[in-house]
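In: Sequence and predicted structure are below.
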Amino acid sequence: MALELVNDREIWDAFVDASPYGLLFHKWDYITVTARHTGYRLLPYGIYRGDEPVCLAPLYFRSTHGVKTLFSPPPMQAVIPYQGLIPSGEFDTLKQSKREGVMDLIASDLSAEIDAISPHYLSLTFVPGLVDVRQFLWRGYTAKVRYTYTIDLVQPVEAIWGGFHSKLRSKIWKAEEAGMDLVRSRDISALYTSIAERFSQPDMNIPMISRRYFEDLFRAYPDHLAAYYLYDREGALAGTVATQEYKRFLFWMGAPRIESAHAGNEYLQWLLIQRAKAEGYPVFENIGANTPDLNFFKSRFCSGLEIYMEVCSRDMVGALAEWAYSSIINKPWLKRKVVPFIE
């Protein structure tokens, strides 16, 4: 195996398109826009067997006051919940022994590069489905388990509806009778205002992201990113969300509950589940099942629970930096002063 930087957009995106693990988060414009707005140096690695790429790994490096950090993705939580490795399209067709051999070579080459960079703090979060991280554990990394909610859209719509909590179905019926209107848009103005308010809340352990970042992403992927707005009969906004529509349908960036006489968020999600199924997506993902306050709402849709893995390492300097970020810097009153990718 050999590891080298990939600087060809077409080669990169073609590999992502062909991989069952490749998502919009991995596409070339997505990773370059993210690096530009977060202030990280993008390291788009390819791991090769001869001339054939077997895995891609978009990593982000930054050195701040002597503290070196290496991430994939950068610490953006729900904005990019996972990136990490992108195995080739044939990876899942290999026998188990060969898959383990490929993962060993990937982990070996990547670990050697990480050692050469010698970050004080490292975090790689892999996509759902890529859960065998033993090769990293055997090399001294720590693993953390993350969760996300999914709905199997292959099943009949009646089965999906029947799996909802009875109180949820009642709320959706009432909202449907109220005659609400769903609009798909590329205008993120109202959506961003709501998201910015959400990320500034004390319980959101996440830096706020600039509006320009979202605008650049929507400009790069007009067919795969959308803002949805749900209006009542009087024209008042009852719910809004951003989605990713590429391979799987991602209920991506949701806004806080909007005060309304109707269950706007519940009805909005049901409408999008139906839309995703009608358009042939195999999976609807309501990203994230790691926040207790939100899990009760999400679980009422009878979503399946998928895991995804984070591998990380840190030395004493990295541990101190992590503590400082989570305990001091990421407090709402400091976010706009110290985090470089805040508007």
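Out: Done, it's in.
In: so where do the helices sit in the stretch 151-300 of the chain?
Out: Using DSSP state H, counting those that start in this stretch, the helices of the stretch 151-300 of the chain run over 157-162, 166-177, 189-199, 211-220, 264-278, 292-299.
In: For Leu110, which of those helices is the nearest?
Out: Evaluated over the helices of the stretch 151-300 of the chain, closeness to Leu110 peaks at helix 211-220, with 26.5 Å, by CB to CB. C-betas here are computed from N, CA, C, even on glycine.
In: contact partners of the closest one?
Out: 29-30, 33-34, 36-37, 186, 188, 192, 196, 225, 227, 242, 341, 343 (CB atoms under 8 Å, 6 or more residues apart in numbering).
In: Can you give the distance of it from its chain's centre?
Out: Relative to its parent chain, helix 211-220 has a centroid offset of 16 Å by CA atoms, centre = their mean, to the nearest Å.
In: In that helix, which residues are buried?
Out: Within helix 211-220, the residues that count as buried by 16 or more other CB atoms under 10 Å are 213-214, 216-218, 220.
In: counting residues per strand, which one in the protein is longest?
Out: strand 52-64 (DSSP state E).
In: coming back round to it: a markdown table for the buried residues of helix 211-220, including pLDDT and distance to His65?
Out: Listed next are these as a markdown table, based on pLDDT from 0 to 100; distance: CB to CB, whole Å:
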| residue | pLDDT | distance to His65 |
| --- | --- | --- |
| Tyr213 | 91 | 24 |
| Phe214 | 91 | 29 |
| Asp216 | 95 | 28 |
| Leu217 | 95 | 29 |
| Phe218 | 95 | 34 |
| Ala220 | 97 | 32 |
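In: So which residues of the stretch 1-150 of the chain form helices?
Out: Using DSSP H, counting those that start in this stretch, helices in the stretch 1-150 of the chain cover 9-18, 28-38, 96-117, 134-137.
In: pLDDT score for Arg233?
Out: Reported pLDDT at Arg233 in the predicted model: 86.
In: ok so, going back, out of the helices of the stretch 151-300 of the chain, which gets nearest to Trp12?
Out: helix 211-220 (13.8 Å).
In: tell me the angle of that closest one relative to helix 28-38?
Out: 170 degrees (axes from the mean of the first three to the mean of the last three CA atoms, to 10 degrees).
In: Buried deepest among the helices of the stretch 1-150 of the chain, which one?
Out: Mean neighbours per residue, mean count of other CB atoms under 10 Å, is largest over the helices of the stretch 1-150 of the chain for helix 28-38, with a mean of 21.
In: related to what we said a few turns ago, between the contacts of helix 211-220, which is nearest Ile114?
Out: Relative to Ile114, the closest of those is Thr34; by CB to CB it sits at 19.8 Å.
In: my guess is the closest one meets Ile80, correct?
Out: Yes: taking CB atoms under 8 Å as the definition, Thr34 is a contact partner of Ile80 at 6.7 Å.
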